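Colleague: got a predicted model here, sequence first, then my questions.
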Amino acid sequence: MSRIRFVAALLVLASCAAPQAEPAASPTNVEVTHGDRRGLRTAEEVEQALDRAQAAYMDARWGDVVVESTKIIEGAATPEQYYAAVKLLGLGSCNRKDPRPVAFAWKRLQPADRASLRNECDQHGLTISDDGVVTKQ
């Protein structure tokens, strides 16, 4: 073995034997967040978010309706709160002309609420087919 190969082999072995850095300790008490949203974990947080979503709907603040409704849907809502949030998400998204959340809502709503969602979306340039496909007019 040539002297250069011998030295190279020693360097490779030395680098393999070098002590590895300890992995950073993972924090144990971290609040889980999704972007700028925090998970709603208590009944009070969900109820407050539902109140904010309803107020935003009444004030035609469609972006706030979508954000608050999404927090509720992703949080620890009761079935009734979840359903109300889905309706608000669909209606707010119709006003924003955003088909994807409308399709999400359509799949989860009862027939009577689907009719109101379809009417709202028709007024804002979105068409919903009977199988829930949402397109811009």
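Modeller: Everything's here; your move. As the structure is a computational prediction, the values presented were derived from the model and not from experiment.

Colleague: list the buried residues for the host helix or strand of Gln81?
Modeller: Under the criterion DSSP states H and E, the helix or strand holding Gln81 is helix 79-96. By neighbour count with 16 or more other CB atoms under 10 Å, helix 79-96 contains the buried residues 81-96. Every C-beta, even on glycine, is put in place using the N, C-alpha and C of the backbone.

Colleague: which helices and strands sit right next to that helix?
Modeller: Counting contacts by 3 or more CB pairs under 8 Å, 6 or more residues apart in numbering; DSSP states H and E, helix 79-96 is packed against helix 43-58, helix 62-74, helix 99-108, helix 111-123.

Colleague: can you put those in TSV and add distance to Lys136?
Modeller: As requested, the helices and strands packed on helix 79-96 are exported to TSV (distance: least, CB to CB, whole Å):
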stretch	distance to Lys136
helix 43-58	22
helix 62-74	16
helix 99-108	7
helix 111-123	10
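
Colleague: circling back to that earlier point, just the CA trace of the helix holding Gln81, in PDB.
Modeller: Included here for helix 79-96 are C-alpha records, laid out as PDB according to Å, rounded to 0.1, in the frame of the first residue of the first chain:
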ATOM      1  CA  PRO A  79     -70.400  18.000  16.600                       C
ATOM      2  CA  GLU A  80     -72.800  21.000  16.600                       C
ATOM      3  CA  GLN A  81     -69.900  23.500  16.700                       C
ATOM      4  CA  TYR A  82     -68.100  21.600  14.000                       C
ATOM      5  CA  TYR A  83     -71.200  21.600  11.800                       C
ATOM      6  CA  ALA A  84     -71.800  25.400  12.300                       C
ATOM      7  CA  ALA A  85     -68.100  26.000  11.500                       C
ATOM      8  CA  VAL A  86     -68.400  24.000   8.300                       C
ATOM      9  CA  LYS A  87     -71.400  26.000   7.200                       C
ATOM     10  CA  LEU A  88     -69.600  29.300   7.900                       C
ATOM     11  CA  LEU A  89     -66.500  28.100   6.100                       C
ATOM     12  CA  GLY A  90     -68.600  27.300   3.000                       C
ATOM     13  CA  LEU A  91     -70.500  30.500   3.000                       C
ATOM     14  CA  GLY A  92     -67.400  32.600   3.700                       C
ATOM     15  CA  SER A  93     -65.500  30.800   1.000                       C
ATOM     16  CA  CYS A  94     -68.300  31.400  -1.600                       C
ATOM     17  CA  ASN A  95     -67.900  35.100  -0.900                       C
ATOM     18  CA  ARG A  96     -64.200  34.800  -1.400                       C
END
